[in-house]
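> Any chance you can model this:
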Amino acid sequence: MSGHSKWATIKHKKGKEDAKRGKVFTKISKELTVAAREGGGDPAGNARLRLVMEKAKEANMPGENVTRAIKKGTGELEGTHYEASTYEAYAPFGIAVMVETLSDNKNRTVSDLRHTFTKFGGSLAENGAVAWMFDRFGVITALAQDISEDSLIEALMDYDIENVEYHDDMVIVTCNPSHLEVVKKACTQVGLKVESAEVAWVAKNAVTLEDKEHEEKVYKLLEMLDELEDVQNVYASLG
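Numbering: from 1, shown residues only. Here you go, the predicted structure:
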């Protein structure tokens, strides 16, 4: 999982800034609506909805916003129909990228993505061209606090953990996607302050760019992609 944490750290910091501007609420609202549409509005029977509701809580999203988004998904309120899509692409310098979107206008989404990648010397790819370079894992990002890596690994031994990685003041735990909820709970119980929990694309082999200008160019691209209206999540193989 080497390399995943650096972009995760940047996204985490950016997410806090987005939250201050209320921008993150738009993305979460879309997720709530789609989760409720696909699995029902009762979180007790909809694991995906529970996770998104937790994300909303962590972002301090107002309760009425959460309720309204869910009701749009269940059809109790009129709302936009969002379609989920995943796009595979190449950033410059051999970096593979996966982009998850929720959109009511696929033509706009593709046009915005193509324009952004082209601007930075990248390109969209055919289905299957990039996805094989990634695995799907549950990814929990938390503040490391005073818990040592050995203590955390010992506490999580009974769970299907793929990796535990410390990076700056953060710890990132990857696990079997179906165990995301229970691992998140276990992390909380051992004293970690969980900042996010999601099922994510994690690069099998991260690519390290020695040239800092090249690295910064790719990160700028990833940040620009994350700013697009229809984009929910951006994952890359940059180490």
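> What is the neighbour count of the residue nearest to residue 193 when sequence neighbours are not counted?
Using Cβ to Cβ, 6 or more residues apart in numbering and skipping residues adjacent in sequence, the residue nearest residue 193 is residue 143, 4.3 Å away. The way it works is simple: take the backbone N, C-alpha and C, and place the C-beta from them, glycine included. Neighbour count for residue 143, taken as other Cβ atoms under 10 Å: 14.
> Could you list the domains of the protein?
4-74, 84-132+204-236, 134-203 (automatic domain parsing).
> Mean pLDDT added to these, as a markdown table?
Converted to a markdown table, the domains of the chain look like this (pLDDT from 0 to 100):
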| stretch | mean pLDDT |
| --- | --- |
| domain 4-74 | 85 |
| domain 84-132+204-236 | 95 |
| domain 134-203 | 88 |
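> who's in contact with stretch 131-140?
By Cβ atoms under 8 Å, 6 or more residues apart in numbering, the list of residues contacting stretch 131-140 from outside reads 1, 4, 8, 86, 88, 96, 98, 162, 172-180, 183-184, 187, 194, 196-205, 235, 237.
> With just CA atoms, put that stretch into PDB.
What follows is the C-alpha trace of stretch 131-140 in PDB, where atoms were taken according to Å, rounded to 0.1, in the frame of the first residue of the first chain:
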ATOM      1  CA  ALA A 131      -8.300  -1.000 -13.000                       C
ATOM      2  CA  TRP A 132      -6.100  -4.100 -12.900                       C
ATOM      3  CA  MET A 133      -3.400  -2.000 -11.200                       C
ATOM      4  CA  PHE A 134      -5.600  -1.400  -8.200                       C
ATOM      5  CA  ASP A 135      -7.300  -3.400  -5.500                       C
ATOM      6  CA  ARG A 136     -10.500  -2.600  -3.700                       C
ATOM      7  CA  PHE A 137      -9.900  -2.200   0.100                       C
ATOM      8  CA  GLY A 138     -11.700  -0.700   3.100                       C
ATOM      9  CA  VAL A 139      -9.500   2.300   4.000                       C
ATOM     10  CA  ILE A 140      -9.700   3.900   7.500                       C
END
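> if I look at residue 213, how far off is residue 126?
Using Cβ to Cβ, to the nearest Å, one gets 29 Å for the distance from residue 213 to residue 126.
> do you know how far residue 209 is from residue 216?
9 Å.
> ok, those two, which is more surrounded?
For the pair residue 209 and residue 216, the greater number of neighbours falls to residue 209 (18 against 11), based on other Cβ under 10 Å.
> which SS class is that one?
Secondary structure assignment for residue 209 (DSSP: H, G, I helix; E, B strand; the rest coil): coil.
> Return the residues in contact with it.
93, 95, 215, 218, 238, 239.
> residue contacts, the fourth one?
By Cβ under 8 Å, 6+ apart, the residues touching residue 218 are 91, 92, 93, 95, 120, 209, 236, 238.
> after the helix or strand harbouring residue 89 comes which helix or strand?
Counting by DSSP states H and E, the element that carries residue 89 is strand 83-91. Downstream of strand 83-91, the first helix or strand assigned by DSSP H and E is strand 95-103.
> Which strands border that next one, and is each parallel or antiparallel?
For strand 95-103, the paired strands and their directions (DSSP bridges) read strand 83-91 (antiparallel), strand 231-236 (antiparallel).
> Pick the most deeply packed of those strands.
With neighbours defined by mean count of other Cβ atoms under 10 Å, none of the strands paired with strand 95-103 is more surrounded on average than strand 231-236, at a mean of 22.
> All the strands of the protein, in order from the start?
Secondary structure of the chain (DSSP state E): strands at 83-91, 95-103, 123-124, 134-143, 161-167, 170-175, 193-203, 231-236.
> Including distance to residue 110, could those go into JSON lines?
Output for the strands of the chain, formatted as JSON lines (distance: least, Cβ to Cβ, whole Å):
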{"stretch": "strand 83-91", "distance to residue 110": "8"}
{"stretch": "strand 95-103", "distance to residue 110": "9"}
{"stretch": "strand 123-124", "distance to residue 110": "8"}
{"stretch": "strand 134-143", "distance to residue 110": "21"}
{"stretch": "strand 161-167", "distance to residue 110": "32"}
{"stretch": "strand 170-175", "distance to residue 110": "30"}
{"stretch": "strand 193-203", "distance to residue 110": "19"}
{"stretch": "strand 231-236", "distance to residue 110": "12"}
